[in-house]
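In: this one's sequence-less:
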Ligand code: FES
């Protein structure tokens, strides 16, 4: 069996939603200290819906594929759904990742949560009270 699924290879070779949103409503940046990979997520949010999302990932192929898939999974969705996105769901949507590459999908989950945190902070909202 191939180490990486066709979906991983597809999202690695043709990542969706790469780039920057200049007037983003929330920006999150996370990194993994062990591998040194960094992921940055930009969100545009209108009426509680993620109307646009872009990412920049300086990292391995699985991190690029995970960020690409994660952006596809939250685009057009309500903020509440994006908050619930797990790395497991990202990995499953990619038809799996090798066990030692699961942390790459964790980075995608964390980057989205960090961008949503920034969105809430900018709005002066405490998400726990939502
Ligand atoms: Fe660290 Fe992939 S090896 S994010």
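Out: All right, it came through fine. Predicted model only: the values in this text are computed from it and were never measured.

In: Which residues are in contact with the residue most central in space within the chain?
Out: In the chain, the C-alpha nearest the mean C-alpha coordinate belongs to residue 108, at 3.7 Å (CA atoms, centre = their mean). Applying CB atoms under 8 Å, 6 or more residues apart in numbering to residue 108 gives the contacts 39, 63, 66-67, 69-70, 87, 90. Placement of C-beta: from N, CA and C, glycine included.

In: The residues you listed: which ones sit near the ligand?
Out: Counting by CB under 6 Å from any ligand atom, residue 63 from the contacts of residue 108 sit close to the ligand.

In: Please narrow the contacts of residue 108 to those residing in strands.
Out: Of the positions in the contacts of residue 108, residue 39 sit in strands, assigned by DSSP state E.

In: could you dump the contacts of residue 108 to a markdown table with pLDDT and neighbour count?
Out: Formatted as a markdown table, the contacts of residue 108 follow (pLDDT from 0 to 100; neighbours: other CB atoms under 10 Å):
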| residue | pLDDT | neighbour count |
| --- | --- | --- |
| 39 | 97 | 26 |
| 63 | 98 | 26 |
| 66 | 98 | 35 |
| 67 | 98 | 31 |
| 69 | 98 | 26 |
| 70 | 98 | 30 |
| 87 | 97 | 20 |
| 90 | 98 | 27 |
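
In: List just the nearest of the contacts of residue 108 to the ligand.
Out: residue 63 (3.7 Å; CB to the nearest ligand atom).

In: Quick check on the closest residue in space to that closest one that isn't next to it in sequence: phi, psi?
Out: Counting by CB to CB, 6 or more residues apart in numbering, residue 104 is the residue found nearest to residue 63 once chain neighbours are left out, at 4.2 Å. Main-chain dihedrals, residue 104, degrees, to the nearest 10: phi -70, psi -40.

In: Repeat that for residue 101.
Out: Here is the backbone geometry of residue 101 (degrees, to the nearest 10): phi -110, psi 0.

In: Look up the closest residue to it, ignoring the ones flanking it.
Out: Spatially, and ignoring its direct neighbours in sequence, residue 101 is nearest to residue 62 (4.2 Å; CB to CB, 6+ apart).
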